[in-house]
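Visitor: please find the sequence and the predicted model below.
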Amino acid sequence: MSQKKEAWGSRLGVIMAVAGSAVGLGNFLRFPGLAAQYGGGAFMLAYAISFLIIGLPIGWAEWAMGRYAGQLGYNSAPGAFAAIMRNRWAKFIGIIGVIVPVVIYLYYVIIESWCIGYAVNFWSGNLHLKDATETVGYFAKFTGATGDAAAMSFSGDVALPWLLGVFVFNFYLIYRGLSGGIEKMCKIGMPLLIVLALLLLGRVLTLGAPDASRPHDNVVNGLGYLWNPTKVQVVKAQPGPDDKPREVVGAAAIESAKSEVAASGGTLVLREVGVFEQLANPSLWLAAAGQIFFSLSVGFGVIIVYASYMKKNDDVVLSGLTASSANEFCEVALGGLITVPAAVAFLGVAGVAGQAGVGLGFKILPLVFSKMPAGAFFGGAFFFMLFLAAVTSSISMLQPGIAFVEEALNVGRRASVTILGLLTTFGTGFVLYFTGDLKALDTLDFWVGTFLIFVLATIQIIVFGWKWGIDKGFAELHQGAAIRVPWIFRPIIKWICPAFLLFIFAMWLLKEIFGFDLATGAAGPVSYYVTDLFGDKASKAAQLSVALVMAIFVFFGLMTGRSQAYARAEKGLPKHD
Amino acid sequence: MTSAGLLVMLLSVGTVVILFSWCIWKVLTTPQETEKIHGTEFETPDIESDK
């Protein structure tokens, strides 16, 4: 009996480890903000479609291509691309699969350090925030957003000491392995994360209306703000360029808004925005697709590397589905129900509107916890939960770089970790130095964490569906699988996914780079991500950030070009005879 | 919260709970499956290379 129990515990542990690796900051910070910003019902529809035609297919393609390359002895993205595409340029395209996780790690580990710093400061009673000004000020001081080098001091209320601890912790785990320590971290961390999330969820859902003088600000309206498919907005009859709609949620608030509109003498109007009108906005699709990429880690170059270590008869189909479903569970059922309803209950819809991602998590929620009974405990629990989610992701981001250096230079793991450790120490130090307006972090997140992910994901699905071919790809996928991928995914992978990706990529370029308003079609100013790099408004930090990425690209390119292993891979030969 | 909002929430949350639960059930009830599934967390074999 006890042996049976132990076996079930061990098997559940495996699932927890898979789930733990899939969960990250995007689940609890990024998703709730986007869902609220774009309107729950419409956003969820676009999100579900993106999950089915982008997330699952590209994830499965990465798993299958990675395992195939691993059978030939290649464990890095350049090796996998060269072995599959078999031409001399493929290995250089594969470098994107190394650049993305390595560069994202440079700033992800900094956000990770904010999480543990906030958690400890909450638990130790050092965080007492009275209003939004104090919360924003604390965030600016902690992160160093007030100016370059502002976070470079040893104090508990700035990021540097926490970053050092987190950085050493990550490399200690990845360097030593700790006899299963990485897996143990996920097996212990994931159940703890779920328990903390459920505890927070229970607390949030029982908040009611914390301030009796403002009954509209309650949890039910918070849930409504997040999930209602139709948005009700108060807008100016003749809006100026800076006038934004004000959303109202809840029957009483809508009645109150109607009275306000009636008394305005025609300067204000009440407007209902339905699901189909919201779905006609390409920005919503871009946001939903981007969230799927970020959250499921597809197009990151991480899955392809871990899959390469799997055995020929390991199950890539159920591995991919289990990891994705665990991620969706944490994102939709936990992340989607905690953050925004709590913020609306304490600060109202107006206090939350326009805040997404990092802003919602670090500028709004600390104030919410400060106002909540036992807020120090729950605030600490929330940020510790974020830290757990982040650490399991950041560890996995290092392996693609380690595997690449091992393969390209034909060195052992210790040498590889040392080289990558030096590179990431310099890179993270760079991001930590240029903290003014968080410019370096923001620039890297845009050009690598968004742009290059789109590029890599698109290349991967085209290689799988067209270069490899659907029949060969599905045969590889089904090797050792307990379930079969439904036939509908054949046309999805071959046609729909690449077409959808190319379409949203074009839309994304038009909107984010060239400044077109996709809702109205009007030309606007070019994105500041571009003007930061060229012209009178150029930012030194942004220019150096892009130069850093290009320097890493050149460095990796030289290593790739001289590699004996990749020369064999592009001929279709195994790494070793 | 409108009834349509409640429906969207229940559908979204219900779907992901059912999907994750089904995956757990499938993994636990398929023989040797726990030895065949992996995430991006396991100790890679190259750790042994320097030991």
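Guide: Nice, thanks for sending it over. Residues are numbered from 1 along each chain as shown, chains lettered A, B, ... in the order given.
Visitor: stretch A:385-401: how far from the chain's middle?
Guide: Relative to the mean C-alpha coordinate of its chain, stretch A:385-401 is positioned 11 Å out (Cα atoms, centre = their mean, to the nearest Å).
Visitor: so is it next to chain B?
Guide: Yes. Shown here: stretch A:385-401 in contact with chain B (Cβ under 8 Å from any Cβ of the partner chain) through A:392, A:395, A:396, A:399. C-betas here are computed from N, CA, C, even on glycine.
Visitor: show me what the helix or strand that residue A:490 is a member of is packed up against.
Guide: Here residue A:490 sits within helix A:489-491, counting by DSSP states H and E. Under the contact definition 3 or more Cβ pairs under 8 Å, 6 or more residues apart in numbering or on different chains; DSSP states H and E, helix A:489-491 sits against helix A:56-71.
Visitor: in the helix or strand hosting residue A:259, what's buried?
Guide: In the assignment (DSSP H and E), residue A:259 maps to helix A:251-263. Going by neighbour count (16 or more other Cβ atoms under 10 Å in any protein chain shown), the buried part of helix A:251-263 is A:253, A:257, A:261.
Visitor: show the subsequent helix or strand relative to that helix.
Guide: Past helix A:251-263, the next helix or strand by DSSP H and E is strand A:268-273.
Visitor: what comes up buried for that following strand?
Guide: Going by 16+ other Cβ under 10 Å, strand A:268-273 has these buried residues: A:268, A:273.
Visitor: pull the CA atoms of it into CSV?
Guide: As requested, the backbone C-alpha atoms of strand A:268-273 are provided in CSV (Å, rounded to 0.1, in the frame of the first residue of the first chain):
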residue,chain,number,x,y,z
LEU,A,268,-20.3,62.9,-23.0
VAL,A,269,-21.9,59.7,-24.5
LEU,A,270,-22.2,56.2,-23.2
ARG,A,271,-20.9,53.6,-25.6
GLU,A,272,-21.1,49.8,-25.7
VAL,A,273,-18.3,48.0,-27.4
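Visitor: what's it in contact with?
Guide: With Cβ atoms under 8 Å, 6 or more residues apart in numbering or on different chains as the test, strand A:268-273 has contacts from A:39, A:230-237, A:245, A:254, A:257-258, A:260-261.
Visitor: the same query, at a cut-off of 6 Å, please.
Guide: With contacts defined as Cβ atoms under 6 Å, 6 or more residues apart in numbering or on different chains, strand A:268-273 is touched by A:230, A:231, A:232, A:233, A:234, A:235, A:237, A:257, A:261.
Visitor: kindly reformat the residues you listed as CSV containing pLDDT, distance to chain B and secondary structure.
Guide: Listed next are these as CSV, based on pLDDT from 0 to 100; distance: Cβ to the nearest Cβ, whole Å; DSSP: H, G, I helix; E, B strand; the rest coil:
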residue, pLDDT, distance to chain B, secondary structure
A:230, 90, 7, coil
A:231, 89, 10, strand
A:232, 91, 9, strand
A:233, 90, 15, strand
A:234, 91, 17, strand
A:235, 90, 20, strand
A:237, 86, 25, coil
A:257, 90, 15, helix
A:261, 91, 19, helix
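Visitor: buried subset of those residues, written for ChimeraX?
Guide: Entered in ChimeraX, the line below selects the buried ones among the contacts of strand A:268-273, by 16+ other Cβ under 10 Å:
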select /A:230,231,232,234,235,257,261
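Visitor: and the contacts of strand A:268-273, which two are the farthest apart?
Guide: A:230 and A:237 (20.7 Å; Cβ to Cβ).
Visitor: which intervals of the chain have sub-threshold pLDDT?
Guide: Using chain A. Residue ranges of chain A with pLDDT under 70: A:1-9, A:39, A:176-185, A:354-357, A:518-519.
Visitor: the chain in question should be chain B.
Guide: Along chain B, the model assigns pLDDT under 70 to residues B:41-43, B:48-51.
Visitor: need the residues of it near chain A, please.
Guide: Proximity of chain B to chain A, by Cβ under 6 Å from any Cβ of the partner chain, involves residues B:1-2, B:4-5, B:8-9, B:12-13, B:16-17, B:19-20, B:23-24, B:27-28, B:30, B:33-34, B:36-44, B:46-47, B:49-50.
Visitor: so which of those are in helices?
Guide: When the residues of chain B next to chain A are checked against helices (DSSP state H), the matches are B:4-5, B:8-9, B:12-13, B:16-17, B:19-20, B:23-24, B:27-28.
Visitor: enumerate the residues of the stretch 301-450 of chain A near chain B.
Guide: Proximity of the stretch 301-450 of chain A to chain B, by Cβ under 6 Å from any Cβ, involves residues A:302, A:306, A:309-310, A:314-315, A:318-319, A:321-323, A:325-326, A:328-329, A:332-333, A:396, A:412-414.
Visitor: out of those residues, which sit inside helices?
Guide: A:306, A:318, A:319, A:321, A:322, A:323, A:325, A:326, A:328, A:396, A:413, A:414.
Visitor: weed out the non-buried ones from these.
Guide: Among those, the ones that count as buried (16+ other Cβ under 10 Å) are A:306, A:318, A:319, A:321, A:322, A:323, A:325, A:326, A:328, A:396, A:413.
Visitor: how much space between the most centrally placed residue in chain B and residue A:10?
Guide: For chain B, residue B:20 is the residue whose C-alpha lies nearest the centre (Cα atoms, centre = their mean; 5.0 Å). Applying Cβ to Cβ, to the nearest Å, the value for residue B:20 to residue A:10 is 19 Å.
Visitor: from start to finish, how long is stretch A:138-153 in a straight line?
Guide: 15 Å (Cα to Cα, to the nearest Å).
Visitor: which of the residues in that stretch are buried?
Guide: A:138, A:139, A:140, A:141, A:142, A:143, A:144, A:145, A:148, A:150, A:151.
Visitor: mind checking the SS state of the last one?
Guide: It refers to residue A:151. Per DSSP: H, G, I helix; E, B strand; the rest coil, the secondary structure class of residue A:151 is coil.
Visitor: I figured it hits residue A:435, correct?
Guide: Yes. At 5.0 Å, residue A:151 and residue A:435 qualify as touching, with contact defined as Cβ atoms under 6 Å.
Visitor: find residues that contact each of these two.
Guide: Here residue A:151 and residue A:435 share the contacting residues residue A:144, scored by Cβ under 6 Å, 6+ apart.
Visitor: how distant is stretch A:154-163 from the center of its chain?
Guide: Between the mean C-alpha position of stretch A:154-163 and that of its chain there is a distance of 24 Å (Cα atoms, centre = their mean).
Visitor: and for stretch A:16-31?
Guide: 9 Å.
Visitor: what about that stretch, how long is it end to end?
Guide: 21 Å.
Visitor: what sits up against that stretch?
Guide: A:183, A:186-187, A:189-191, A:291, A:294-295, A:322-323, A:326-327, A:330-331, A:335, A:357, A:361, A:386, A:389-390, A:392-393, A:396, B:39-41.
Visitor: tell me the first helix or strand C-terminal of the helix or strand hosting residue A:196.
Guide: Using DSSP H and E, residue A:196 sits within helix A:181-205. Using DSSP H and E, the helix or strand that follows helix A:181-205 in sequence is helix A:219-227.
Visitor: perfect, that will be all.
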